[in-house]
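Student: Mind folding the following:
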Amino acid sequence: MLCNLFSYPKPEQIEQSTTIVSNGVSVHYLKTQFLREVKETEGLNENSMICEIENLELFTHGVIRSKGVSIVCPRDKKVGAAYSDCLIGDDNVGPATFMLSYSWQYTIRDIIDTLVAHCESNKAMDQKRTYVWICCLCNNQHRVYEDKQNGINVQFDKFHEMSRTRILSIGHVVAMMFPWDDPQYLKRVWCVFEAYTASTESGCTLTIAMPPKERQAMMSAAGDFNNIFKFLAATMIQNAEAYALEDREKILKLVEDTVGYAKFNHSVNELIRRWVMDTLVSGFKIMIGSKGMKNNLDGDNQDDLQDEKLSRLCYIVGSVMYENGEYDKALVYFKRVLKEILLNPTVDHKSFSADVYHNIGVLFKAKGDYDNALVELRKALEIRLKVLGPDHPDIASSYNHIGAVYDEKGDYENALVELRKCLEIELKMLGPENADTASSYNHIGVLYYAKGDYDNALVEFRKCLEIELKVDGPDHPNTALSYNNIGVVYKAKGDYENALGECRKALEIELKVLGPNHPDTASSYNNIGAMYDEKGDCENALVEYRKALEIELKVFGPNHSHTMKTQTDIKRVLSMI
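Tutor: The predicted structure follows:
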């Protein structure tokens, strides 16, 4: 399944001196002969992991090294060849179609199932002519073992360049995600780095794939798509591991010195989110048939969605599309769900319809259509009040979102009315020491600030901070945000000393929790710089603005609005000195 296409120098653009000839093993060979060799080996079966099939800690050759033990390697002319060097015939070996990015902790059965499913999903792929570059078979494991015994480690820079050049040369990487709810792939620093490399360089395609059983399990769990994103789209390369500690440290330094952790993680997670959405849409098409989906979505076929499971999946697809910013497509899916629900107005369906109306309202808000947003959100609220009663977290959520729309419209009085209703329910149902309650205090503080009522804004922000210190603790991004908000209010009041004190508390937490190269850290430096700026302290303002700019150039690049604003501020302050 295609996840995302980005750019990398095309293979033909690579200098001849760096080109790597990369032969791969056919999918047909892997699922027949190689699997047979594994099964015929004592102690192994189709559920054996690659690290068990070829254990490089042992002198005894496994299935992979045994194949080339007496064959001369065509590259270094020494006895002992890579597995792929031992194969002949177009049905078995040939120029790599793609490179498999995977973990040696995966079983051979799962790898083969993934590759076969990938071929079957691409009708043009003949399994006898689809060649996979897979490191365990295509790298010379004799040399790897010898180097390990002699204490020789390939230098990171050399290995990194070889890996990058191979990705460029082949031009297509298939990343194997497994298992779906605890993907080992995203825990290995080299795997995550390979996926990022393949997705950000021109001329290279990244495809994410998984065994059919895992895809089915993920689809079954799609009712809680936020949980899916929690498992799959919350990658932090800082937490990934590597067999060689030195590799991990150097990859992390490379990331930090180039794009920065925040931008890197964001890119990888956006990649995963897109793939999840494509997977859900594909599942929806399979359930109703491609023709049926086209007719339904185009409005040419008046047949209604009869299966409740299908309606739920339709709702989930719409929700995921909303999360990915595809609002018009999401709206189509939500409206299809409503059409089905209105034909079967049971109590459960009424509650479901409220959720759909609510999401449509949130969607209109995101599009900037505030009037339609209010209409849909009030439909949801009306149904929820009838079905759930007045004191329910979903009712609080409705009031909160309606208040947020009024906020966007600049109608702060009505926004405050709705937010107070939300807060009243939260205090009653969730209690005063709850994250949602803290969020409402914060939102009310923001409204008072927008109205210019700084004293009341401080009261609300301090209530929020008090809860966050208890719920989240002193070293948490939410706590930092509250200190920052309090500092901004003091700045508006002209109390720069207190403003600086609060913003430095926020910065201290951000440096500790988020690190020096994070957008929030840059924002705090900018806020502190602005305070010195307003005080007329140009020297200190420049110091803080430049710290912010250094981060923004790493995280956002030179052409981002944040970066350009900071550059403008620096030029303006310099002109005043």
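Student: okay, the host helix or strand of Leu252 in PDB with CA atoms only?
Tutor: In this structure, Leu252 sits in helix 245-257 according to DSSP states H and E. Below are the C-alpha coordinates for helix 245-257, written out as PDB (Å, rounded to 0.1, in the frame of the first residue of the first chain):
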ATOM      1  CA  LEU A 245      25.300   2.300  20.900                       C
ATOM      2  CA  GLU A 246      27.700   4.300  18.800                       C
ATOM      3  CA  ASP A 247      25.300   4.100  15.800                       C
ATOM      4  CA  ARG A 248      22.400   5.400  17.900                       C
ATOM      5  CA  GLU A 249      24.400   8.300  19.200                       C
ATOM      6  CA  LYS A 250      25.600   9.300  15.800                       C
ATOM      7  CA  ILE A 251      22.200   9.000  14.100                       C
ATOM      8  CA  LEU A 252      20.700  11.200  16.900                       C
ATOM      9  CA  LYS A 253      23.500  13.700  16.500                       C
ATOM     10  CA  LEU A 254      23.000  13.800  12.800                       C
ATOM     11  CA  VAL A 255      19.300  14.400  13.200                       C
ATOM     12  CA  GLU A 256      19.700  17.000  15.800                       C
ATOM     13  CA  ASP A 257      22.400  18.900  13.800                       C
END
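Student: just checking, what packs against it?
Tutor: For helix 245-257, the packing partners by 3 or more Cβ pairs under 8 Å, 6 or more residues apart in numbering; DSSP states H and E come out as helix 156-170, helix 189-200. Using the backbone N, CA and C atoms, a C-beta is placed for each residue, glycine as well.
Student: Any idea which of the ones you listed gets closest to Leu245?
Tutor: helix 189-200 (10.3 Å; Cβ to Cβ).
Student: Kindly calculate the angle that the closest one makes with helix 245-257.
Tutor: Orientation of helix 189-200 against helix 245-257 (axes from the mean of the first three to the mean of the last three Cα atoms, to 10 degrees) gives an angle of 40 degrees.
Student: circling back to that earlier point, after the helix holding Leu252, which helix or strand is next?
Tutor: Next along the chain after helix 245-257, taking DSSP H and E as the criterion, comes helix 261-288.
Student: all strands in the protein, in order from the N-terminus.
Tutor: For the chain, the strands defined by DSSP state E cover 2-7, 23-26, 93-95, 98-101, 131-133, 172-176, 202-209.
Student: Could you list the low-confidence segments of the chain?
Tutor: 1-21, 154, 223-227, 230-233, 288-307, 343-348 (pLDDT under 70).
Student: do you know how far the residue of it positioned farthest from its centre is from Asn92?
Tutor: Distance from the C-alpha centroid of the chain, by Cα atoms, centre = their mean, peaks at Ser70 (45.8 Å). From Ser70 across to Asn92, the span is 19 Å (Cβ to Cβ, to the nearest Å).
Student: before we move on, what about Thr200?
Tutor: For Thr200, the distance to Asn92 - Cβ to Cβ - is 33 Å.
Student: cool, Glu270 as well?
Tutor: Taking Cβ to Cβ as the measure, Glu270 falls 38 Å from Asn92.
Student: of the two, who's got more company?
Tutor: Asn92 (19 against 14; other Cβ atoms under 10 Å).
Student: Not counting its neighbours along the chain, what's nearest the more buried one?
Tutor: Tyr29 (4.4 Å; Cβ to Cβ, 6 or more residues apart in numbering).
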